[in-house]
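*Asks:* Fold the following, please.
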Amino acid sequence: QVRLVESGGGSVQDGGSLRLSCAASGDTDCIIDLSWYRQAPGKEREFVSTIGRDGTTSYTDSVKGRFTISQDNAKNTVFLQMNSLKPDDTAMYFCRSRARCGGTSEYRNWGQGTQVTVSS
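*Replies:* From the prediction side, this is the model:
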């Protein structure tokens, strides 16, 4: 299993910035990619961004140009730099890993989440 611990959430004003971190431990050599998801009150959890171990990235349209995902492979940590934050970005942000070890099936693990609140 992969254990994930998020940090860096907080409260900011409209237009502000935050940097989220997600530290992975456990079967880190098995990780295929690390992703950020978010869930606002009363809404379903949605994809935000992902980064593969090779550095390939993707973003949901609503955050393109504002959020940047990066990783430090040596420290098994993924970051989400969030700029120009909007009230609509308010949500609990979760880190998710996708991993496969040897011939086993792919498995996914989630962190406990970190709250981001953007006020107007």
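*Asks:* so where do the strands sit in the protein?
*Replies:* Along the chain, counting by DSSP state E, strands occupy 2-7, 10-13, 18-26, 31-39, 46-52, 57-59, 67-72, 77-82, 91-99, 107-110, 114-119.
*Asks:* quick one: contacts of the shortest one?
*Replies:* Contact partners of strand 57-59, identified using C-beta atoms under 8 Å, 6 or more residues apart in numbering, comprise 48-51, 67, 69. Any C-beta I mention is one placed from the backbone N, CA and C, and that applies to glycine too.
*Asks:* Closest one of the residues you listed to Arg100?
*Replies:* The nearest member of the contacts of strand 57-59 to Arg100, counting by C-beta to C-beta, is Thr50 at 15.5 Å.
*Asks:* so what's the closest one up against?
*Replies:* By C-beta under 8 Å, 6+ apart, the contact set of Thr50 is 33-36, 57-58, 69.
*Asks:* Ok, Gly15 next?
*Replies:* By C-beta under 8 Å, 6+ apart, the contact set of Gly15 is 84-86.
*Asks:* Check the contact between Gly113 and Arg45; I expect there is one.
*Replies:* No. Counting by C-beta atoms under 8 Å, Gly113 stays clear of Arg45, with 9.8 Å between them.
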